Each structure stands twice: as structure tokens, then as C-alpha cells.
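No letters, just coordinates:
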């Protein structure tokens, strides 16, 4: 257990950050599942709105430090690629 005041504060900060990061990751996974189901259904307008929400959440996670910026960019890029393929298929 931590003995100094600064170490005790660090433990408190880490606990708070851990809970926030877990909540963000959980909501991100839920959002990705919603996007996946919309893609399998093939509804382009629903997929577009879900992609916009997902993209926003990925950016927020990257800005808060929950996820690395390049990881978020890579995920957004791959999702956008799938979205464009779905749009081309429907057109």
C-alpha cells in the first residue's frame, strides 16, 4: 500500500481514470456492435448515421487518451472503407 501522500493521490487518480476508461471502452464496443448490425442489415442511411456517431466516439477516446490517436484513425479508416463498399454495392 502507498505510504506517501503523493503516492496515495496517484492511487486515487489511477482508480478514477481506470473507471472512466472502462466506461468509454464499453460504450465504444456497444457502438461498434450497433454499427455492425446496421451493416449486416444493409441500410445505408442507418449505417451512415451510426458511422458518424462511432467516428465521434473514437475521436473522443483518442483525445482523452483512452485510445492512441493512430489506433482511432486506423479503426475509422477501416470502417469508412466498409461504408463506402456498402454504398457502392447498393448503388
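Sure, I can see it. Predicted model, so just to flag it, every value in this text is computed and none were measured.

going forward, measure contacts and count neighbours with C-alpha atoms only.
Will do.

which stretches of this structure have low pLDDT?
Along the chain, the model assigns pLDDT under 70 to no residue.

What segments of it are helices?
5-41, 44-64, 69-90 (DSSP state H).

Buried deepest among those, which one?
The highest average neighbour count among the helices of the chain, using mean count of other Cα atoms under 10 Å, belongs to helix 44-64 at a mean of 17.

what packs against that one?
helix 5-41, helix 69-90 (3 or more Cα pairs under 8 Å, 6 or more residues apart in numbering; DSSP states H and E).

Let me have those helices in JSON lines, extended by distance to residue 58.
Output for the helices and strands packed on helix 44-64, formatted as JSON lines (distance: least, Cα to Cα, whole Å):
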{"stretch": "helix 5-41", "distance to residue 58": "7"}
{"stretch": "helix 69-90", "distance to residue 58": "6"}
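
Which residue, neighbours along the chain excluded, lies closest to residue 53?
Spatial nearest neighbour of residue 53, excluding adjacent residues (Cα to Cα, 6 or more residues apart in numbering): residue 31 at 7.9 Å.

so the one you found makes contact with residue 56?
No - with contact defined as Cα atoms under 8 Å, residue 31 does not count as touching residue 56 (10.7 Å).

show me what contacts residue 62?
68, 69, 72 (Cα atoms under 8 Å, 6 or more residues apart in numbering).

Distance-wise, check it relative to residue 45.
26 Å (Cα to Cα, to the nearest Å).

same thing with residue 74?
23 Å.

Residue 91 now?
13 Å.

before we move on, what about residue 28?
20 Å.

same deal with residue 29?
21 Å.

what do you get for residue 10?
Applying Cα to Cα to residue 10 and residue 45 gives a distance of 46 Å.

for residue 90, same thing?
11 Å.

tell me the contacts of the nearest residue in space to residue 57 that is not next to it in sequence?
Excluding the flanking residues, the one nearest residue 57 by Cα to Cα, 6+ apart is residue 28, at 6.8 Å. By Cα under 8 Å, 6+ apart, the residues touching residue 28 are 54, 57, 58.

what do you get for residue 78?
With Cα under 8 Å, 6+ apart, residue 78 has no contacts at all.
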